[in-house]
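Trainee: need coordinates for the below:
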Amino acid sequence: MKDHIDTPAIAMETDALRLVWADGAEGVFPYLWLRDNCPSAFHPETQERIADILQVPETPMPVAAVIDGDSLRIDWAGDGHVSRFPLDWLFAYRPGSASHDTAAYNPVVWTGEIGADAIPRYSASDFDDPATFAAWIEDTARYGISIVSDVPGVSGAGADLARRIGFLRETNFGVTFEVMNKPNPNNIAYTAHALPLHTDLPNQELTPGYQFLHCLANEAEGGGSVFADGYALAASLRDTDPEAFDLLARTAIPFRFHDGECDIRSKHPVIVLDHDGNVSSLNWSIHLGAPFDMPAAQMIPYYRAYRAFAKLTQDPAFQVTLRLRGGDMAVFDNRRILHGRAAFDPSTGFRHLQGYYVDRGEFDSMRRVIARG
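Mentor: Numbering: from 1, shown residues only. Below you'll find the model as predicted:
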């Protein structure tokens, strides 16, 4: 947020108050917006809104608006209410300009050219230093992934680190899920088969955010971890095949997980756009994809788009492969980074990873708290 210590000029217009700062910045504040956001409308301790919009006059009008120190004072007609707004607050929340969010960031979009060595790496033993912890959080957000070494090789150690970010997300697999070769598996991750690149659990109503994947043992032959930046995949498709990109962004398709105890289904587009048309999330899981249910006339063009994206996910040019060692933990944005693994031979050694989810909102909250200083 830019601090403005100069005094803005005030113009009272028909429906709004206009403030113009010396550097040319200006804000137009509708009178109803000002009454709705009067500091008295918020609880002084919780800062939650306590005012009822229906108790505010529908067309409030000021009788006076003056600068009083570093605040704007407005005297309202009718009920005699007085509002005092900090000038810096008014500048930060000017209608029509996005308010500054300290959790916002410019992503580093990468392809396989980055190489495994360029993926941000940190040691958990250094996280008692607040500056190192903050740098790790920031790099993980910008790249969508980081590798943390020196996590104690005991069950639950990864969860302890994840809880420093926020609450763990529980799914039908539990708060903790064990990635190992199991008898009678209910998910392909619990086998020794190769896992194609995917995002976890798009069958959920809200797909999990960040994944923490703690390697407790990786002694088997094979089983290399593969990652790709979904933002790079989507950008490539948008550039080379905009029609396919548009179909994947505007068509929700069904995903499903079911076993003897549950049947969880949801529909999402493969590519999720934010309000500005930027890619915000990916939903991609061949093994959790349910039969497409769009009208038959849309099926063939959609399959063409779907296959175009599938081809990108299998292109080594977008992939980074690395081998997690005992004590390593991969931390990545599950709605951005596609992950998979090579097949492994369980007869050659034990392989055991332990996973947890922390939603994006918890991760962003921690980044805002760190930014307060």
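Trainee: quick one: contacts of the helix ranked longest in the chain?
Mentor: Counting residues, the longest helix in the chain under DSSP state H turns out to be helix 296-313. Applying Cβ atoms under 8 Å, 6 or more residues apart in numbering, the set of residues contacting helix 296-313 from outside is 196-197, 228, 233, 236-237, 241, 243-245, 247-248, 251, 253, 270, 284, 286, 292, 294, 318, 338. Placement of C-beta: from N, CA and C, glycine included.
Trainee: so what touches stretch 67-78?
Mentor: Here stretch 67-78 makes contact (Cβ under 8 Å, 6+ apart) with 5, 7-8, 10, 17, 19, 34-35, 57, 60-66, 82-88, 90.
Trainee: please save the CA atoms from stretch 324-336 in CSV.
Mentor: The C-alpha trace of stretch 324-336 is given here as CSV (Å, rounded to 0.1, in the frame of the first residue of the first chain):
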residue,chain,number,x,y,z
LEU,A,324,13.1,-38.1,-2.8
ARG,A,325,15.3,-39.5,-0.1
GLY,A,326,14.4,-40.4,3.5
GLY,A,327,13.9,-37.1,5.3
ASP,A,328,12.9,-35.1,2.2
MET,A,329,9.5,-33.6,1.9
ALA,A,330,8.0,-32.2,-1.3
VAL,A,331,5.6,-29.3,-0.7
PHE,A,332,3.5,-28.2,-3.7
ASP,A,333,0.4,-26.5,-4.7
ASN,A,334,-1.9,-29.3,-5.6
ARG,A,335,-4.1,-27.0,-7.7
ARG,A,336,-1.2,-25.9,-9.8
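Trainee: next one: the residue of the chain positioned farthest from its centre from D328, what distance?
Mentor: Relative to the C-alpha centroid of the chain, counting by Cα atoms, centre = their mean, G78 is the outermost residue, at 45.3 Å. G78 sits 65 Å away from D328, going by Cβ to Cβ, to the nearest Å.
Trainee: so of the contacts of stretch 67-78, which ones are in helices?
Mentor: L34, R35, L87, D88, L90.
Trainee: so what pLDDT did the last one get?
Mentor: The score at L90 is 95. That number is its pLDDT.
Trainee: who's in contact with it?
Mentor: L19, G27, F29, L72.
Trainee: OK, contacts around the closest residue to the second one other than its chain neighbours?
Mentor: By the measure of Cβ to Cβ, 6 or more residues apart in numbering, the closest residue to G27 outside its immediate chain neighbours is R94, 3.5 Å from it. Applying Cβ under 8 Å, 6+ apart to R94 gives the contacts E26, G27, V28, F29.
Trainee: go on, F292?
Mentor: When contacts are counted by Cβ under 8 Å, 6+ apart, F292 touches I253, P254, M299, Y302, Y303.
Trainee: tally of neighbours for the last one?
Mentor: Just to be clear, that refers to Y303. 13 (other Cβ atoms under 10 Å).
Trainee: against F309, how distant is it?
Mentor: 11 Å.
Trainee: do the third one as well
Mentor: Separation of M299 from F309 (Cβ to Cβ) stands at 16 Å.
Trainee: just the terminal-to-terminal distance for stretch 114-128.
Mentor: By Cα to Cα, to the nearest Å, the extent of stretch 114-128 from end to end equals 29 Å.
Trainee: buried ones in that stretch?
Mentor: Residues I119, P120, Y122, A124, F127 are the ones in stretch 114-128 that count as buried (16 or more other Cβ atoms under 10 Å).
Trainee: quick one: which of those residues sit in helices?
Mentor: Per DSSP H, the subset of the buried residues of stretch 114-128 in helices is empty.
Trainee: which of the contacts of stretch 67-78 are buried?
Mentor: P8, L17, L19, L34, R35, P60, P62, A65, S83, F85, L87, L90.
Trainee: run through the bridge partners of the third one.
Mentor: Each beta-bridge partner of L19 is listed here: I10, G27, as defined by DSSP bridges.
Trainee: verify the contact between it and M12 for me.
Mentor: No - contact criterion Cβ atoms under 8 Å: L19 and M12 do not qualify, at 10.7 Å.
Trainee: where in the stretch 101-250 of the chain is pLDDT low?
Mentor: Counting by pLDDT under 70, the low-confidence segments of the stretch 101-250 of the chain come to 181-193.
Trainee: now do the helices in it.
Mentor: Using DSSP state H, counting those that start in this stretch, the helices of the stretch 101-250 of the chain run over 130-143, 157-162, 230-240, 242-250.
Trainee: any buried residues in the shortest one, and which?
Mentor: Judged by neighbour count (16+ other Cβ under 10 Å), helix 157-162 contains these buried residues: A157, G158, A159, L161, A162.
Trainee: for the residues you listed, which one is nearest R49?
Mentor: Among the buried residues of helix 157-162, A162 lies closest to R49 (Cβ to Cβ), at 31.8 Å.
Trainee: now do the same contact list for that closest one.
Mentor: L168, F212, Y356, V358.
Trainee: report the backbone C-alpha coordinates of stretch 44-62 in PDB.
Mentor: Written as PDB, here are the backbone C-alpha positions of stretch 44-62 (Å, rounded to 0.1, in the frame of the first residue of the first chain):
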ATOM      1  CA  PRO A  44     -13.500  -2.500  17.600                       C
ATOM      2  CA  GLU A  45     -11.700  -5.800  18.700                       C
ATOM      3  CA  THR A  46     -12.700  -8.400  16.100                       C
ATOM      4  CA  GLN A  47     -13.000  -5.900  13.200                       C
ATOM      5  CA  GLU A  48     -16.000  -7.900  11.900                       C
ATOM      6  CA  ARG A  49     -18.800  -5.900  10.400                       C
ATOM      7  CA  ILE A  50     -21.600  -5.400  13.000                       C
ATOM      8  CA  ALA A  51     -23.800  -2.800  11.100                       C
ATOM      9  CA  ASP A  52     -27.000  -3.700   9.300                       C
ATOM     10  CA  ILE A  53     -27.000  -2.300   5.800                       C
ATOM     11  CA  LEU A  54     -30.800  -1.800   6.100                       C
ATOM     12  CA  GLN A  55     -30.300   0.500   9.000                       C
ATOM     13  CA  VAL A  56     -28.200   2.800   6.700                       C
ATOM     14  CA  PRO A  57     -30.200   5.500   4.800                       C
ATOM     15  CA  GLU A  58     -30.600   4.300   1.200                       C
ATOM     16  CA  THR A  59     -29.400   7.700  -0.200                       C
ATOM     17  CA  PRO A  60     -27.200   9.100   2.600                       C
ATOM     18  CA  MET A  61     -26.000  12.700   2.100                       C
ATOM     19  CA  PRO A  62     -23.200  14.500   3.800                       C
END
